[in-house]
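>>> based on what follows, work out the 3D shape:
(chains A and B)
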Amino acid sequence: MSHPTHEPIVDATGAVHAPHGSAPLLQVRDLQVEFMTNTGPVQAVRGANLTVYPGQSVAIVGESGSGKSTTAHAVIDLLPGTGKVTGGSIVFDGQDITHASAKQMVDVRGKQIGLVPQDPMSNLNPVWKIGFQVKEALRANGIATGKEADKRVAELLAEAGLPDAERRANQYPHEFSGGMRQRALIAIGLAARPKLLIADEPTSALDVTVQRVILDHLEGLTQQLGTAVLFITHDLGLAAERAEHLVVMYRGQVVESGPSRKILADPQHPYTQRLVSAAPSLASRRIQSAKERGVESTELLAATGGEGARRSDEVVKVENLTKVFQIRGGRPGQTTEFKAVDDVSFSIKRGTTMALVGESGSGKSTVANVVLNLLDPTEGKVYFDGTDLSTLDSKELFAFRRRVQPIFQNPYGSLDPMYSIYRTIEEPLRVHKVGDRKSRENRVRELLDMVALPASTMRRFPAELSGGQRQRIAIARALALEPEVIVCDEAVSALDVLVQAQILTLLNDLQAELGLSYLFITHDLAVVRQIADEVCVMKTGQVVEAATTDEVFDNPRQPYTRELLAAIPGARLEVFGEGIEDLPA
Amino acid sequence: MPETPTRPDQQHFFAQLDETPVGVVDSVDESAAPASVWKDAWHQLRRRPMFWIASVLIALIVIVAVFPQWFTSVDPRACDLANSSLPPSAGHPFGFNFQGCDIYARTIYGARPSVTVGVLTTLVVVLIGALVGAIAGFYGKWFDSLLSRVTDIFFAIPFVLAAIVIMSVLYDQRGILTVVIVLGVFGWPQIARITRGSVLSVKNSDFVTAAKALGASRASTLMRHIMPNSAAPIIVYATVALGTFIVAEATLSFLGIGLPQSVVSWGGDISDAQRRLRANPVELFYPAAALALTVLSFIMMGDVVRDALDPKARKR
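Prediction:
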């Protein structure tokens, strides 16, 4: 701790504390959950302990596959597939519900324990109106029927923060945005006034600013109702900000639990320590000193690329880029225009990272595709190393492809499942007829080594690798032709925090080593701070703010940027040793 | 630490390290055997008894079709009216038909035309269908619209009815090749549709964009990335379709417009036997049973292959 403060730290959750000494609402003891698989039983949860007091907010934090969701689903007897509780006890409100009958559980679910599921897109039935689905929750729990229920539905939706609730209740899910759907799901979860609300990654599918508004609202609402909340999240920053008690799970076990602040300030288990140091929302500084590295890479370039002809310092320059898509209208032949990118200009200096930040629909991926020359701009120009991309003939374009390579978001979609890792990485070399068989194989080995994967990986297929490993393969493929610019389109967004940190470090090291320039597209400002030298903040197709990373974080000029910054989970926590104030100005 | 006092059961707890050792972040399991989609499918198939039953039957049928002389020394065309409708005897396990031909020999020799028609028609259909479907799905635009409409037109014509009409016209040119061509011409739209859908769904994958971004040409992207990933549903459909083409050939032969009388075929024999169904039912039974068994084996094979190649069953 850098500041030995002794005044009580403002509880970020502000939860209403039940009188000290009251009985716990939920007590999970030594919980064991098993899944049957083809290869025999697999223990998903091993001896998990968890206690929630009335009105308290508790968060289970862990990476995918850590058993956090399984634990929560065991509590409400909603284990998927072959999952079974094989040991331990679950006591809710003084009642042992470990082996409760299906009928008893129906009584508990909804009425006593509510659930806000993860994906707002798939958890509402598309053929029923929102109002009907909320009413269903009321009816199922015997709260209200008929006219009274209709009134209550409107109240509940209004309570969940939907304006004009009565009209909204008559709409279908597809007429709602993601955030509105999540509000409807919250209304359903709280419809029967449960004592405990389980929120399973309630906002991970939403934009950060929407996430913040919804979580703020949920917090206020549960506080007002005195509902205890059990958060399940992969985001340590979010957990610490929203819950007073943390439970960290790893490989099916609780490795650490305790008061949020204490865990963040003084993590004991090595896994928690790793998590705390890797969480992008908490470790808010460049992975390595940017300036220092910047100097290094220019020196490197000066040494290797000093061939008299001084190469342009701006490796990519985008000028007044506009991209308009024609969207098919209702009648045949009728089209409407949609301006995805509107007059965007920026440039990337050689050996540095430029981040394009924005929420979904801001046009950032379209810019990436134009820079990759996969899309033609409607207006404006893209210069690569001083050459206008629109003037390239097919031969020059082929040569250009070698110099700019992409890395995509979805690690599951970016590798051909039919290709072995060797074929995947060798493909660019083969297409560009680089070297013979033997030298290509050596190059593949070299590339695998560069991304810290064993050479034996090349005989494997993508399906056998984890998301992070596939992303490393995608990086190796991108590096095969020794490009100068790599466009990373949300390249780390789908990965677990620790893996994400690992990939970011790798990208950073590669940049220092090879003098690469990155165009880094992301929705996550916290990641930007770790990797980028310069930032362009995009909103609805336009750049609203462009500056160096330090400037954007220390001195944001636009209200939208400030909003984005404030929405980073954990941004409001000021108790850590690695707080923002510790950064050099 | 001045905080809200910790409540019972909520003290700071941490597990002992030896209980849950922390692994290297994202390490590769080097011990596991490498597996591809096809290898996975093979592992799946290996465990299905139905796969083995179907394989053994198909292998047997193919061997019978290629080397009928291994299974009988009797000439199926050497018929002696003196033997008309005789019951089974030594060397003639199924007895004789009305014309005095050995039923066993005819059943054995009938496998060849059936299997030939099935395999060749499937090949023709897959070649035409996959080509048309891939081009429509990949290049799209007006070409897709045109090909889709053409497929629709073929689709609207009942397959067997169309074959009957054409075969009646080509009565004098009857033969295995004619049947294959006629069935092929009317059988490809289904494959074209399946291929088109499959190509459309693979076309927008990130790995296809990645191939494009590294400079691979459109044609090579189609051949090297999209087609291999679209192959599974085509293979599944082809296996099942093989059975239905054999049935179609038998139907045409039964109607007397498929294979000529000079070719020993199950369809023709069934047609001959139906007139004598009451007097000598075994005459109908054996070719019909052989036909049913052949079609069943291919359909069974199609079923297990589909289960093994189902994208939902793949490791994700």
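
>>> packing partners of whichever strand or helix holds residue B:212?
According to DSSP states H and E, residue B:212 maps onto helix B:206-213. Other helices and strands packing on helix B:206-213, by 3 or more Cβ pairs under 8 Å, 6 or more residues apart in numbering or on different chains; DSSP states H and E, are strand A:404-407, helix B:218-221. Quick note: C-beta positions are derived from backbone N, CA and C, even for glycine.

>>> most tightly packed of those?
Each of the helices and strands packed on helix B:206-213 was scored by mean neighbour count; the highest is strand A:404-407, a mean of 26, by mean count of other Cβ atoms under 10 Å in any protein chain shown.

>>> that older thread, is it possible to get a markdown table of the helices and strands packed on helix B:206-213 that adds distance to residue B:307 and mean pLDDT?
Converted to a markdown table, those look like this (distance: least, Cβ to Cβ, whole Å; pLDDT from 0 to 100):
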| stretch | distance to residue B:307 | mean pLDDT |
| --- | --- | --- |
| strand A:404-407 | 35 | 92 |
| helix B:218-221 | 30 | 90 |
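
>>> of the ones you listed, which approaches residue A:33 most closely?
Closest to residue A:33 of those, according to Cβ to Cβ: strand A:404-407, at 36.1 Å.

>>> surely residue B:308 and residue B:46 touch.
No. The pair residue B:308 and residue B:46 does not pass the contact test of Cβ atoms under 8 Å, sitting 9.3 Å apart.

>>> looking at those two, which is more packed in?
For residue B:308 and residue B:46, the more surrounded residue by other Cβ atoms under 10 Å in any protein chain shown is residue B:308, and the numbers stand at 23 against 10.

>>> list the contacts of that one.
For residue B:308, the contact set (Cβ atoms under 8 Å, 6 or more residues apart in numbering or on different chains) comprises B:40-42, B:44-45, B:48.

>>> and what of residue A:204?
Contacts for residue A:204 (Cβ under 8 Å, 6+ apart) come out as A:118, A:211, A:233-235.

>>> which secondary element of the chain has the worst mean pLDDT?
Using chain A. helix A:290-304 (a mean of 43; mean pLDDT, DSSP states H and E).

>>> I was thinking of chain B, sorry if that wasn't clear
Bottom-ranked secondary element of chain B by mean pLDDT, DSSP H and E: helix B:37-46, a mean of 79.

>>> which element is residue A:43 on?
Applying DSSP H and E, one finds residue A:43 within strand A:40-52.

>>> next, find the distance separating the spatially closest residue to residue B:95 that is not a sequence neighbour from residue B:269.
The shortest distance from residue B:95 to any non-neighbouring residue, by Cβ to Cβ, 6 or more residues apart in numbering or on different chains, is to residue B:88 (4.5 Å). As for residue B:88, its distance to residue B:269 is 17 Å (criterion: Cβ to Cβ, to the nearest Å).

>>> show the model's pLDDT score for residue 162.
You didn't pick a chain, so chain A it is. For residue A:162, the pLDDT comes out at 87.

>>> right idea, wrong chain: chain B
86.

>>> so which strand or helix has it?
Using DSSP H and E, residue B:162 sits within helix B:159-169.

>>> now do the contacts for the residue lying closest to residue A:117 once chain neighbours are set aside.
Leaving aside its sequence neighbours, residue A:117 sits nearest to residue A:123 (Cβ to Cβ, 6+ apart; 4.4 Å). The neighbourhood of residue A:123, defined by Cβ under 8 Å, 6+ apart, consists of A:117, A:181, A:185.

>>> mind checking how far residue A:123 is from residue A:414?
In terms of Cβ to Cβ, residue A:123 sits 27 Å off from residue A:414.

>>> next: residue A:39.
Look at residue A:39 and residue A:414: by Cβ to Cβ, they are 28 Å apart.

>>> neighbour count: these two, which is higher?
Legend: neighbour count by other Cβ under 10 Å for residue A:39 and residue A:414, higher for residue A:414 (26 against 6).

>>> my guess is that one contacts residue A:476, does it?
No. Using Cβ under 8 Å, residue A:414 is not in contact with residue A:476; the gap is 11.9 Å.

>>> burial count for residue B:6?
For residue B:6, using other Cβ under 10 Å, the count is 16.

>>> near chain A, which residues of the stretch 201-316 of chain B?
B:205-207, B:209-216, B:220, B:225, B:228-229, B:314-316 (Cβ under 8 Å from any Cβ of the partner chain).

>>> try 6 Å this time
When proximity is defined as Cβ under 6 Å from any Cβ of the partner chain, the stretch 201-316 of chain B approaches chain A at B:205-207, B:210, B:213-216, B:225, B:228-229, B:315.

>>> pLDDT and neighbour count for those residues - can I get that in TSV?
Listed next are those as TSV, based on pLDDT from 0 to 100; neighbours: other Cβ atoms under 10 Å in any protein chain shown:
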residue	pLDDT	neighbour count
B:205	87	21
B:206	88	21
B:207	91	26
B:210	90	27
B:213	89	21
B:214	87	24
B:215	87	18
B:216	88	22
B:225	91	23
B:228	88	16
B:229	88	22
B:315	38	11
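
>>> of all those residues, which two lie farthest apart?
With Cβ to Cβ as the measure, no two of these lie farther apart than B:215 and B:315, at 30.5 Å.

>>> after the top helix by length along chain B, next one along is what?
Longest helix of chain B, by residue count under DSSP state H: helix B:103-139. Note on helix B:103-139: by DSSP H and E, the next helix or strand toward the C-terminus is helix B:141-156.

>>> residues of that next one that come out buried?
By 16 or more other Cβ atoms under 10 Å in any protein chain shown, the buried positions in helix B:141-156 come out as B:144, B:147-148, B:151, B:154.

>>> could you give the angle of it to helix B:159-169?
Helix B:141-156 and helix B:159-169 meet at an angle of 80 degrees, taking axes from the mean of the first three to the mean of the last three Cα atoms, to 10 degrees as the criterion.

>>> low-scoring pLDDT stretches of the stretch 1-150 of chain B, where are they?
Residues of the stretch 1-150 of chain B that meet the criterion pLDDT under 70 lie in B:1-5, B:20, B:29-37.

>>> quick one, phi/psi of residue A:356?
phi -100, psi 110 (degrees, to the nearest 10).

>>> not counting its neighbours along the chain, what's nearest it?
Here the residue nearest residue A:356, using Cβ to Cβ, 6+ apart, is residue A:364, at 4.5 Å.

>>> on that earlier part again, the contacts of residue A:204 in strands, which ones?
Judged by DSSP state E, strands contain the following of the contacts of residue A:204: residue A:233.

>>> top of the contacts of residue A:204 by neighbour count?
Neighbour counts for those (other Cβ under 10 Å) peak at residue A:235, which has 25 neighbours.

>>> helix, strand or coil: sort out residue A:521 for me.
Classification of residue A:521 using DSSP: H, G, I helix; E, B strand; the rest coil returns strand.

>>> hang on, I meant residue A:351
coil.

>>> run a quick neighbour tally on it.
Residue A:351 has 25 neighbouring residues, counting by other Cβ under 10 Å.

>>> quick one on the thing from earlier: name the residues of the least confident helix or strand of chain B that come out as buried.
With the criterion 16+ other Cβ under 10 Å, helix B:37-46 contains buried residues B:37, B:40-41, B:44-45.
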